[in-house]
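>>> below is the structure, and that's it, no one-letter string:
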């Protein structure tokens, strides 16, 4: 399982012109699921991202986590994080989990974040989503578990 995590000032996701999830300052987390992932991996990813020390402290050093600051998280499913672009011009998505498995595990990441104390907003699984964000920094990380 992997996540593209971005430190944001704000982020939202819309489906068909309707905002279905929005946050203020916090993390925008695009989650990709592979066929080998399970609920334990989803929980580890949630714990790892929630505890990432990527927010500035009083001196400006990246020493604080979203957890410590009580920030929000926007979780968006993103099967394209498992695109294989090593050959040709068309990405292959054969490593991405089937939709039913992926949806269950993205939901498990979200539930784990909530259990850890995060205020979480989400996209809509399988929908054509328009994501808007203001990247703070810019600060983007690829996190794998």
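Received, thanks. All values derive from a computational prediction rather than experimental measurement.
>>> from here on, contacts and neighbour counts on C-alpha atoms
Will do.
>>> need the three-state assignment for the residue of the chain most remote from its centre.
Outermost residue of the chain with respect to the C-alpha centroid, by Cα atoms, centre = their mean, is residue 88; its distance is 27.9 Å. Using DSSP: H, G, I helix; E, B strand; the rest coil, the secondary structure recorded for residue 88 is coil.
>>> got the phi and psi for residue 17?
phi 80, psi -10 (degrees, to the nearest 10).
>>> oh sorry, the question was meant for residue 29
Dihedral angles (degrees, to the nearest 10) for residue 29: phi -120, psi 110.
>>> name the SS class of residue 125, please.
Going by three-state DSSP: residue 125 is coil.
>>> pretty sure it contacts residue 103?
Yes - if you go by Cα atoms under 8 Å, residue 125 and residue 103 touch, sitting 6.5 Å apart.
>>> which residues are common contacts for these two?
Shared contacts of residue 125 and residue 103, defined by Cα atoms under 8 Å, 6 or more residues apart in numbering, are found at residue 77.
>>> where does this structure have low pLDDT?
Under the criterion of pLDDT under 70, none of the chain is flagged as low confidence.
>>> where do the strands sit along the chain?
Counting by DSSP state E, the segments of the chain that form strands are 2-15, 18-23, 26-32, 53-56, 62-65, 72-77, 119-122, 129-144.
>>> would CSV of these with mean neighbour count and distance to residue 111 be doable?
Below are the strands of the chain laid out as CSV (neighbours: other Cα atoms under 10 Å; distance: least, Cα to Cα, whole Å):
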stretch, mean neighbour count, distance to residue 111
strand 2-15, 21, 16
strand 18-23, 17, 15
strand 26-32, 27, 13
strand 53-56, 17, 21
strand 62-65, 16, 19
strand 72-77, 26, 11
strand 119-122, 20, 9
strand 129-144, 15, 18
